[in-house]
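Student: this one's sequence-less:
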């Protein structure tokens, strides 16, 4: 059996040697091997499997805020996700599943093998903690999409790989991994290690997990710790926040690195921004904001975030770029438009291809932590107005004196629009059946994606399918 572990060198997180195959019995023998295996985990995060089509399709197209976009006829199969016609045999359903389990395998390689390496104990503790954090990260995406899933704890995987854990057991495993990881992670990392997990990243994901679990008291406690004791603040300029210069800024808890490295297109390139950006000008033009989302910004008087989030045909950005692209977009009757948060200005060098790729995937921002804290305060008691109004003040919106849950949900929608979160929020809060009924959402079926039929077949039927599929 072979381990593909040389995605990133141990000297520099953004330095890429050629890929290689190393026999397992010759690997995991030194601290350098351990570091290379951990770097491979991070390198994989930028891959097509994790940060491109399946991630964007499953996380955004079923909501009322995003359409497939692009030119008419280009990938029209993706409209199945917008109108809830997707099936258990479709490729994106399978790739979302297999992609996350590949990431879990990379984490389990470290968790299983590194403890036996003779190396600095503090470094060993940190590397295992990073692997544990990333295992929880991948399971977080799986549980939101499929419900309870098989929990694989080690390499090689045992018979547990054929049996689904319950929903509660899966959430419990994720929370346990995050709590186990936190003590071993550093508070901060130097610039050369940006993108690696910190203690605050794990706490941020834990706060989000606790929100999904509706453990409001613990959620409030963890999010308050980040707000009161962490080194974070809101970056004042909402437009600049999403440009490459502000990656890993004061608002960032965790990002997937997409920095381009000359000569290493296959390893350093992420297509997260490319597939969303302006058609033929900066990218492929997929994942277009809808008129419904635009109307939500208008109803809230939210001109700042609307201008940043939705780039219309003919707009001139603050960087001086004129948005062109295609004049006809599938599913859009009016002006073509694009996800402005994925726009990479023309002034950024294109070192690995013609389109804008140099845009990190923002996974956790301080703004979301504030909104998680506000939602927890509504349930557990306390001050929901202060964290909510910090987010609103940045974009020149009036304070809300006594916010409701609906106020916080609206704020999450507008603040995080185009960041692949709103659809999961609709499911989490039980609003999907109402909001998406006109799109084809069926109660009792579409709360979860189907387990890929290929995986069910490979298990000999031991892997049980979700209801309705």
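Tutor: Sure thing, it's come through. Not measured: the values here are computed from a predicted model.

Student: now the helices for the stretch 151-300 of the chain?
Tutor: Assigned by DSSP state H, counting those that start in this stretch, the stretch 151-300 of the chain shows helices spanning 167-181, 199-213, 216-229, 238-241, 265-268, 291-299.

Student: what's the answer for the stretch 351-469 of the chain, then?
Tutor: Assigned by DSSP H, counting those that start in this stretch, the helices in the stretch 351-469 of the chain fall at 366-380, 385-394, 405-415, 422-428, 432-435, 453-458.

Student: Nearest to residue 284 among those helices would be which one?
Tutor: helix 422-428 (20.5 Å; C-beta to C-beta). For the C-beta atoms, the positions are set from N, CA and C on the backbone; glycine is no exception.

Student: coming back round to it: most tightly surrounded among the helices of the stretch 151-300 of the chain?
Tutor: The highest average neighbour count among these, using mean count of other C-beta atoms under 10 Å, belongs to helix 199-213 at a mean of 23.

Student: Against which helices or strands is it packed?
Tutor: The contact analysis (3 or more C-beta pairs under 8 Å, 6 or more residues apart in numbering; DSSP states H and E) places helix 199-213 against helix 121-146, helix 167-181, helix 216-229, strand 252-256, strand 361-365, helix 366-380.

Student: Now render the ones you listed as TSV, adding distance to residue 32 and mean pLDDT.
Tutor: TSV is the format used below for these (distance: least, C-beta to C-beta, whole Å; pLDDT from 0 to 100):
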stretch	distance to residue 32	mean pLDDT
helix 121-146	11	98
helix 167-181	22	98
helix 216-229	34	98
strand 252-256	24	97
strand 361-365	28	97
helix 366-380	35	98
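
Student: circling back: for residue 64, which of the helices of the stretch 151-300 of the chain is the nearest?
Tutor: Closest to residue 64 of these, according to C-beta to C-beta: helix 291-299, at 4.8 Å.

Student: and the nearest residue to residue 294 once chain neighbours are set aside, how many neighbours?
Tutor: The shortest distance from residue 294 to any non-neighbouring residue, by C-beta to C-beta, 6 or more residues apart in numbering, is to residue 310 (6.0 Å). Residue neighbour count, defined by other C-beta atoms under 10 Å, stands at 23 for residue 310.

Student: Residue 310 contacts residue 343, correct?
Tutor: No. With contact defined as C-beta atoms under 8 Å, residue 310 does not reach residue 343; the gap is 10.6 Å.

Student: residues contacting the residue nearest to residue 294?
Tutor: Residues in contact with residue 310, defined by C-beta atoms under 8 Å, 6 or more residues apart in numbering, are 289, 293-294, 297, 337-340.

Student: Which single one of those is nearest to residue 46?
Tutor: Minimum distance to residue 46 across those is 18.0 Å, recorded for residue 339 (C-beta to C-beta).

Student: Next, give phi and psi for that closest one.
Tutor: Backbone torsions of residue 339, given as degrees, to the nearest 10, read phi -70, psi 110.

Student: Does it touch residue 287 like I think?
Tutor: Yes. In this structure, residue 339 is within contact of residue 287 by C-beta under 8 Å, at 5.6 Å.

Student: Helix or strand: which one has residue 102?
Tutor: Element membership for residue 102, per DSSP states H and E: helix 91-113.

Student: now that helix, how far from the centre of its chain.
Tutor: Distance of helix 91-113 from the chain centroid (C-alpha atoms, centre = their mean, to the nearest Å) equals 15 Å.

Student: Could I get the buried residue list for that helix?
Tutor: Within helix 91-113, the residues that count as buried by 16 or more other C-beta atoms under 10 Å are 92-97, 99-101, 103-113.

Student: Stretch 433-447 now?
Tutor: By neighbour count on 16+ other C-beta under 10 Å, the buried set for stretch 433-447 is 435-436, 439, 441, 446-447.

Student: Could you list the residues in contact with it?
Tutor: In this structure, residues lying in contact with stretch 433-447 by C-beta under 8 Å, 6+ apart are 62-64, 82-85, 147, 426-427, 432, 467-469.

Student: same thing but at 7 Å, please
Tutor: The contact list for stretch 433-447 (C-beta atoms under 7 Å, 6 or more residues apart in numbering) reads 62, 64, 82-85, 426-427, 432, 467-469.

Student: Closest to residue 138 out of those?
Tutor: Nearest to residue 138 among the contacts of stretch 433-447, with distances taken as C-beta to C-beta, is residue 427, at 18.7 Å.

Student: what's around the closest one, how many residues?
Tutor: Neighbours around residue 427, by other C-beta under 10 Å: 21.

Student: Let me know the pLDDT of the nearest residue to it once chain neighbours are set aside.
Tutor: Excluding the flanking residues, the one nearest residue 427 by C-beta to C-beta, 6+ apart is residue 447, at 6.1 Å. The per-residue pLDDT reported for residue 447 equals 98.

Student: picking that back up, out of the helices of the stretch 351-469 of the chain, which is closest to residue 162?
Tutor: Nearest of the helices of the stretch 351-469 of the chain to residue 162, taken as C-beta to C-beta: helix 453-458 at 8.7 Å.

Student: Which secondary structure elements does the closest one sit against?
Tutor: Judged by 3 or more C-beta pairs under 7 Å, 6 or more residues apart in numbering; DSSP states H and E, helix 453-458 is in contact with no other helix or strand.

Student: Pull the residues that contact it.
Tutor: 88-89, 94, 97, 463, 465.

Student: and if we set it to 10 Å?
Tutor: If you take C-beta atoms under 10 Å, 6 or more residues apart in numbering as the criterion, helix 453-458 is touched by 87-91, 93-94, 97-98, 101, 149-150, 161-162, 450, 452, 462-465, 469.

Student: can you give me the mean pLDDT across that helix?
Tutor: Averaging pLDDT along helix 453-458 gives 96.

Student: contacting residues for residue 183?
Tutor: 125, 129, 199, 202.

Student: Then residue 242?
Tutor: Counting by C-beta under 10 Å, 6+ apart, residue 242 has contacts 235, 273, 308-309, 339-344, 359-360, 362, 418-419.

Student: Out of the residues you listed, which is nearest to residue 192?
Tutor: Distance to residue 192, by C-beta to C-beta, is smallest for residue 360 among the contacts of residue 242, at 15.6 Å.

Student: Just read off the phi/psi values of the closest one.
Tutor: Torsion angles, degrees, to the nearest 10, at residue 360: phi -60, psi 150.

Student: That one contacts residue 258, doesn't it?
Tutor: Yes. Using C-beta atoms under 10 Å as the test, residue 360 is close enough to residue 258 to be in contact (5.0 Å).

Student: any shared contact partners between these two?
Tutor: Residues touching both residue 360 and residue 258 by C-beta under 10 Å, 6+ apart: 46, 51, 195, 244, 247, 270, 272-273.

Student: Report the distance from stretch 121-131 to the chain centre.
Tutor: Distance, centroid of stretch 121-131 to centroid of chain: 23 Å (C-alpha atoms, centre = their mean).

Student: which ones are touching residue 75?
Tutor: Going by C-beta under 10 Å, 6+ apart, the list of residues near residue 75 reads 53, 57, 68-69, 275, 284, 286, 330.

Student: Just those: which are in strands?
Tutor: 68-69, 286 (DSSP state E).
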